[in-house]
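Participant: Fold the following for me, if possible:
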Amino acid sequence: MRLGLCLVLASALLASSSFAAKVKPISELTSFPENKTVKQQGIQAIHRIRSELIRHRNAKANQIRGLVAEYGLVAPRQLIALRRAVPDWLEDAQNGLSVLFRRLLNGL
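Facilitator: So this is what the prediction gives:
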C-alpha cells in the first residue's frame, strides 16, 4: 500500500509545473574543466616526465641496493652516498663481487 501511495505522490509531483521549473537540464549540472593552453600542456608534460624520471631513478637505486645486499654489502640510503659507494665497491677486490657483477654494476 505504501509503495503505491509513493508512486502516486511522485507522479503528481513530477506532473506539477513548479517541480518541472526547478529541474535543471543535465548540461547545467555538469561542469567541464577549461581547455588548457599550449603553455599549460607543456608545463604539465614537464612535470609528468620529471616525476617518471624520479621514479625510475629511485627504482634503479633500490635495485642496486638489493643486488649488492646479496653480496653482503650494505648500501647507503641516501642517493648521493650510494653514488659515491659504487666506485668504491668496483675498486675493492676483496668485497666478493664477481667480475660479471662488477661489469653490470659499472653499466648502471
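
Participant: Grab the nearest non-local neighbour of Asn106.
Facilitator: Using CB to CB, 6 or more residues apart in numbering and skipping the chain neighbours, the partner closest in space to Asn106 is Leu90 (5.9 Å). The way it works is simple: take the backbone N, C-alpha and C, and place the C-beta from them, glycine included.

Participant: ok, so what distance separates the one you found from Leu73?
Facilitator: For Leu90, the distance to Leu73 equals 11 Å [CB to CB, to the nearest Å].

Participant: quick one: common contacting residues for those two?
Facilitator: Residues touching both Leu90 and Leu73 (CB atoms under 8 Å, 6 or more residues apart in numbering) are Leu97.

Participant: residues of the longest helix along the chain that come out buried?
Facilitator: When the chain is parsed with DSSP state H, its longest helix is helix 38-69. Residues of helix 38-69 classed as buried by neighbour count (16 or more other CB atoms under 10 Å): 61, 64-65, 67-68.

Participant: For Trp89, which residues are in contact?
Facilitator: With CB under 8 Å, 6+ apart, Trp89 has these contacts: 68, 73, 95, 97, 105.

Participant: correct me, but the first one touches Ala75?
Facilitator: Yes. The pair Val68 / Ala75 is scored as a contact, 5.3 Å apart, by CB atoms under 8 Å.
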